[in-house]
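# kindly return the folded structure for what I paste below:
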Amino acid sequence: MKLSVVLSTQASQFEAVAFKGDFAANVAKIAGWGYDGVEVAIRDPRLVDGDEILRIAAVHSLEIPAIGTGQAWGEEGLSYTDPDPAVRVAAVQRTRAHIPFAAKSGAVIIIGLLRGIVKPGVSQEQALGWLVESLQECCAAAGPHGVRLALEPINRYETTLVNNVAQGMELLERIGAENMGLLLDTFHMNIEDAEMVESVRTCGDRIFHFHVADSNRWYPGAGHIDFEAIFQALAGTGYEGYVSGEFMPQPDADLAARWSIEYLRQLESCG
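Numbers count the residues shown, from 1 in each chain. Okay, the predicted model is just below:
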């Protein structure tokens, strides 16, 4: 099992990103705890030095499996489903701006809350239509560079657009792009998917990335999710990608990351 943890390259209001601040210092700590990679959250790729990020990661023999894009929604309000067409265009342009770094690093581009919410005056079907069109455009731009995108089903309290795995698979059918898959997150699945293990099996080879947090959004092992059963199902799909920690920095970021990898490695050794 290849393990990573989320690290923000820029200031963020998102509480479930445990690591923020000094990038190089955080990467050194993450490598020291035994992680194989670091998932980078990047609000705007124009404001970071991608080559320097790659250099720092390489110094510590860490891979970059995925790029989180949600801060563009949280900090700037960009989304594919805003009633303002200029905002939708900006969201697509921002996604496309991640492609060069994704191609260099081999990272999957994550589509989380960049999908947006259904705003007043917009129907669910219209919002889904905009979402499909935007992701088709992004996939077409990413494909020639060998870059993949992964949409994350997110719980109903944060959006009404694609909450569970079944809805995610339906969306993939509508998009019709081989480089579009899903990111499954155990925290959201625990809320929205009645049978988490079966949902993992249903996705099969459409799982492009995997997030872990426990039922309380703390580190794995701090709640009641049956991670052993989930990882058995994940292995059964043939998934060989990363399992990445995206959890609250509780009791603090360092302890959460340390206890997470200790718990996950213990599960791996028992399996």
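
# nearest spatial neighbour of residue 221, chain-adjacent residues omitted?
residue 263 (3.7 Å; CB to CB, 6 or more residues apart in numbering). For every residue, glycine as well, the C-beta is placed using N, CA and C.

# so what pairs up with residue 38 in the strands?
residue 5 (DSSP bridges).

# what about residue 48, distance to residue 71?
Applying CB to CB, to the nearest Å, the value for residue 48 to residue 71 is 12 Å.

# who has more neighbours out of the two?
Each of residue 48 and residue 71 has its neighbours counted (other CB atoms under 10 Å); residue 71 has more, 24 against 16.

# ok, the closest residue to the more buried one other than its chain neighbours - how many residues close by?
Excluding its sequence neighbours, the residue lying closest to residue 71 (CB to CB, 6+ apart) is residue 43, at 3.7 Å. Number of residues near residue 43 (other CB under 10 Å) recorded here: 24.

# before we move on, what about residue 47?
Using other CB under 10 Å, the number of residues around residue 47 comes to 9.

# give me the pLDDT for it.
For residue 47, the pLDDT comes out at 91.

# can you check residue 9 too?
pLDDT recorded at residue 9 is 82.

# before we move on, what about residue 250?
On the pLDDT scale, residue 250 gets 93.

# that one and residue 260 touch, don't they?
No. Residue 250 lies out of contact with residue 260 (CB atoms under 8 Å); the separation is 11.2 Å.

# what do the two both touch?
Residues touching both residue 250 and residue 260 (CB atoms under 8 Å, 6 or more residues apart in numbering): residue 219.

# and these two? which has more neighbours close in?
Using other CB under 10 Å, the more surrounded residue of residue 250 and residue 260 is residue 260, with 26 against 15.

# all strands of the protein, in order?
Taking DSSP state E as the criterion, the chain carries its strands at 2-8, 37-41, 66-68, 108-111, 149-151, 180-185, 207-212, 242-245.

# among these, which is nearest residue 158?
strand 180-185 (11.1 Å; CB to CB).

# re the thing from before, out of the strands of the chain, which is closest to residue 60?
It is, among those and with distance given as CB to CB, strand 37-41, at 8.5 Å.

# give the other helices and strands that that closest one contacts.
strand 2-8, helix 50-59, strand 66-68, strand 242-245 (3 or more CB pairs under 8 Å, 6 or more residues apart in numbering; DSSP states H and E).

# winner for burial among the ones you listed?
The highest mean neighbour count among those, using mean count of other CB atoms under 10 Å, belongs to strand 66-68: a mean of 30.

# give me the contact list for that strand.
Taking CB under 8 Å, 6+ apart as the rule, strand 66-68 contacts 4, 6, 8, 17, 39-42, 98, 101-102, 105, 107-110, 112, 150, 183, 209, 242, 244, 246.
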